[in-house]
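*Asks:* when you get a sec, could you give me coordinates for this:
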Amino acid sequence: MSKDKNVGHRHLVSRVPNTEDNRNIVKEINKMMSKSNSLSRIYVRYRQPIEGHKYSWGGGLKKEHARSFSVYLKPAENMISREYEFYRDLYLKGKEKADAFDQIMEIMQWTK
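*Replies:* Numbering: from 1, shown residues only. Sure, this is the predicted structure:
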């Protein structure tokens with residue numbers, strides 16, 4: 001089975017050289033994203049093992065065992081909790097309406 005060459009990958013950028021300067025850039029970008037109340041954060045996964053090391057079971061590497069890293073995007077923690085609160089509130093409002101409807105139906109049955 002051959003892979004489709006037109007299918008993209010989930011990373012934002014790959015094969016970034018694993019240097020302290022590049023890691024600090026990612027760190028600074030995340031700080032700026034946090035200060036601007038961004039709904040996302042970026043994170044790295046280390047790639048291209050140096051000689052004598054290999055990927056772990058989950059496909060990751062330790063920072064010191066990688067020649068490069070890939071950068072990915074994920075929802076910020078505050079976004080996850082905001083989304084949870086939104087759906088919880090939506091559920092509770094729907095439940096209140098359903099309870100009110102049930103009460104109305106119960107009252108109507110008593111008046112028959």
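*Asks:* can you give me the strands in the chain?
*Replies:* For the chain, the strands defined by DSSP state E cover 13-17, 40-49, 66-75.
*Asks:* so what sits opposite the spatially closest residue to Gly59 that is not a sequence neighbour in the bridge?
*Replies:* Using CB to CB, 6 or more residues apart in numbering and skipping the chain neighbours, the partner closest in space to Gly59 is Arg45 (7.7 Å). For every residue, glycine as well, the C-beta is placed using N, CA and C. Arg45 has the following beta-bridge partners by DSSP bridges: Ser70.
*Asks:* Arg45 contacts Lys62, doesn't it?
*Replies:* No - assessed by CB atoms under 8 Å, Arg45 is found out of contact with Lys62, at 11.3 Å.
*Asks:* those two: which is more packed in?
*Replies:* The neighbour count for Arg45 versus Lys62, taken as other CB atoms under 10 Å, is higher for Arg45 (15 against 10).
*Asks:* all good on my end, thank you.
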